[in-house]
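J.: With the input below, show me the fold.
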Amino acid sequence: MSILHPDTLTVRRTRPSELCEDASTARPRACIAILLLADLAALLVGAALSVLIWRQIGTNFSTEFYARLWPVLLLFPAVYAVSGLYPGFGRNPADELRKLSVATSVVYAALAVTSFLLKDSATYSRGTFLLAWSNTLILVPVLRSVARSLCSRRAWWGNPVVIVGARRVAAALAATLESQPELGFKPVAILEEARLAAEVARDRGVRHVILAMSEIPRDTLGAFLEECSESFSDVIVIPDLAGFSSLWAEPRDLRGTLGLEIQQKLLIPRARVLKRAIDILLMVAMSIVALPLIIAIAALIKLTSPGPAFFGQRRYGRKGEPFMAWKFRSMAADASQVLEQCLASDPALLEEWRRSHKLRNDPRVTRIGRFLRRTSLDELPQLWNILRGQMSFVGPRPIVAEEIARYGASYSVYMKVTPGLTGLWQVSGRNNTSYEQRVNFDLYYVRNWSLWLDLHVLARTVKVVVLGDGAC
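T.: Numbering: from 1, shown residues only. Just a heads-up that it's a prediction; the model follows:
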């Protein structure tokens, strides 16, 4: 029995008629085959790149020698399968990244140890080995993501599932699964009685059920579980634990009693130190390109519009401490007056501003500023805030004083971590999301914070910046 946590899902509305009603269209084996092919392609490309790159700097190097080692690549899918990554439906991307990284590193470590024990380590290039390892860590998750993006909306993608629970909760979950097909669960029925679920299992051959515990009376919950367990090979239980950490929760068997271990990674000092170390390393790596770019953009802003090149605004970060967050000035010098005039004359703009404190077509933004915002280059000066420790590369978005009230009691959760240059909100629709959704993204990040989640967000940020997804 696995556990799917409600905080990992973003509920979106959909009509019941839009739910898939035909379980026969799903082809889980085809999904496994596609992910397997994506992994093998990533492994082959990574290995080939490492050999070709090292050949340019190595001496007495034979590509034919390494080409004969191709059967070794089959070890990786075998370990991935043992780690539950085929097909891995319902797995959070950050958790999948962790499992892929650990499994890949274990195989490379085993190969290194085997080579050493066989007294054959001198035969292989250590540089090629390290390059192949780093290439695999990057390419396997990337090609898996591409495969899901291309296939997840096909009728045959995923496993058919029956959802059992209170109508309102079950319908919301079904809407979420429909809107996020990459999770791999295809709702075929929403039922309030486990007895009916058993009939669906027999009639349609569905072997997976999701049991939503919210609003189910305790005295009937046991019967629900027993009836579902007799008809379905896989039962996913969604506990009523809204507001708790969910991404890294693990089940524990306490002498026959099911428990959940909820890890508070924020309390692990070495994890915070490592996060800060990663910020410093990224700063050093980016400075070669970032510093000349910052100088060029600042000069361009000064030449095209009156006013300073940089704009500082008081924001609030960890422990509620205020700091000056810096950006390139992307608005006219008299932006506040322009905003007041536009809001006074346009009720639609006023309503949009009240709803999200953002305007999709902001009249204050300059022509250069619009480009900077679309490419996210306007936030480059915040590298200074990261260097000073006021911000991190990944975290909740820094907020102004007026927004604290909108967080309400959740502000105490927000204050637990350092705000970030990028975050879940920025890679999950940005300005296409409501303010409430942005707050929920921030709270989810804080409750489920880990270095793996940071790495996932950083990878998604590259895609969002390149495509300009959700930017204004």
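J.: which residues of the stretch 101-250 of the chain fall in strands?
T.: 159-164, 185-191, 208-212, 234-238, 250-254 (DSSP state E, counting those that start in this stretch).
J.: For whichever helix or strand comes after the last one, name the packing helices and strands.
T.: As assigned by DSSP states H and E, the chain's next helix or strand after strand 250-254 is strand 257-261. Using 3 or more C-beta pairs under 8 Å, 6 or more residues apart in numbering; DSSP states H and E as the contact test, the elements touching strand 257-261 are strand 250-254. Backbone N, C-alpha and C define where each C-beta goes, glycine included.
J.: So what are the sheet partners of the strand it packs on and their directions?
T.: strand 257-261 (antiparallel) (DSSP bridges).
J.: Could you quantify the relative orientation of the partner strand and strand 234-238 as an angle?
T.: Relative orientation of strand 257-261 and strand 234-238, computed by axes from the mean of the first three to the mean of the last three C-alpha atoms, to 10 degrees: 60 degrees.
J.: Helix or strand next in line after strand 257-261, which one?
T.: helix 269-304.
J.: thinking again about what came up before, now tabulate the strands of the stretch 101-250 of the chain in a markdown table and tack on distance to Pro322 and mean pLDDT.
T.: Formatted as a markdown table, the strands of the stretch 101-250 of the chain follow (distance: least, C-beta to C-beta, whole Å; pLDDT from 0 to 100):
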| stretch | distance to Pro322 | mean pLDDT |
| --- | --- | --- |
| strand 159-164 | 46 | 88 |
| strand 185-191 | 44 | 86 |
| strand 208-212 | 42 | 85 |
| strand 234-238 | 39 | 84 |
| strand 250-254 | 38 | 81 |
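J.: could you dump these to JSON lines with mean neighbour count and distance to Pro306?
T.: Output for these, formatted as JSON lines (neighbours: other C-beta atoms under 10 Å; distance: least, C-beta to C-beta, whole Å):
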{"stretch": "strand 159-164", "mean neighbour count": "26", "distance to Pro306": "59"}
{"stretch": "strand 185-191", "mean neighbour count": "23", "distance to Pro306": "55"}
{"stretch": "strand 208-212", "mean neighbour count": "26", "distance to Pro306": "58"}
{"stretch": "strand 234-238", "mean neighbour count": "19", "distance to Pro306": "56"}
{"stretch": "strand 250-254", "mean neighbour count": "9", "distance to Pro306": "57"}
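J.: Need these in a markdown table (columns: distance to Pro269).
T.: Converted to a markdown table, the strands of the stretch 101-250 of the chain look like this (distance: least, C-beta to C-beta, whole Å):
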| stretch | distance to Pro269 |
| --- | --- |
| strand 159-164 | 40 |
| strand 185-191 | 37 |
| strand 208-212 | 37 |
| strand 234-238 | 33 |
| strand 250-254 | 21 |
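J.: nearest to Ser336, of those?
T.: Closest approach to Ser336 among these is made by strand 234-238 (46.3 Å; C-beta to C-beta).
J.: Show me what that closest one is packed up against.
T.: Partner elements for strand 234-238 (3+ C-beta pairs under 8 Å, 6+ apart): strand 2-3, strand 208-212, helix 218-231.
J.: What pairs with that strand, parallel or antiparallel?
T.: Applying DSSP bridges, one finds strand 234-238 paired with strand 2-3 (parallel), strand 208-212 (parallel).
J.: what is the mean pLDDT for the shortest one?
T.: I take that to be strand 2-3. When pLDDT is averaged along strand 2-3, the result is 46.
J.: right, and the strands paired with strand 234-238 - which one's nearest Arg55?
T.: strand 2-3 (45.2 Å).
J.: Distance to Ser134 for the strands paired with strand 234-238 - can I get that in TSV?
T.: Output for these, formatted as TSV (distance: least, C-beta to C-beta, whole Å):
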stretch	distance to Ser134
strand 2-3	32
strand 208-212	36
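J.: Nearest to Ser115, out of those?
T.: Comparing these by their distance to Ser115 (C-beta to C-beta), the top pick is strand 2-3, with 37.1 Å.
J.: Tell me the helix or strand right after the closest one.
T.: Moving toward the C-terminus from strand 2-3, the next helix or strand (DSSP H and E) is helix 28-55.
J.: buried residues in that next one?
T.: Across helix 28-55, burial judged by 16 or more other C-beta atoms under 10 Å covers 28, 31, 34-36, 38-40, 42-43, 46-47, 50-51, 54.
J.: hang on, the earlier thing: ranking the helices and strands packed on strand 234-238 by burial, who's on top?
T.: Among these, the stretch with the highest mean neighbour count (mean count of other C-beta atoms under 10 Å) is strand 208-212, at a mean of 26.
J.: tell me the angle that one makes with strand 185-191.
T.: Using the same axes, to 10 degrees: strand 208-212 against strand 185-191 is 60 degrees.
J.: Read off the pLDDT value for Arg91.
T.: pLDDT at Arg91 comes out at 87.
J.: between the strands paired with strand 234-238, which one is nearest to Glu178?
T.: Per C-beta to C-beta, nearest to Glu178 of the strands paired with strand 234-238: strand 208-212, 13.0 Å.
J.: Report the inter-axis angle for that closest one versus helix 28-55.
T.: Using the same axes, to 10 degrees: strand 208-212 against helix 28-55 is 100 degrees.
J.: neighbouring contacts of strand 208-212?
T.: Residues from elsewhere that reach strand 208-212, judged by C-beta atoms under 8 Å, 6 or more residues apart in numbering: 4, 159-166, 169-170, 173, 185, 197, 201, 224-225, 228, 231-238.
J.: quick revisit: any chance of TSV for the helices and strands packed on strand 234-238, columns distance to Glu261?
T.: Below are those laid out as TSV (distance: least, C-beta to C-beta, whole Å):
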stretch	distance to Glu261
strand 2-3	11
strand 208-212	21
helix 218-231	21
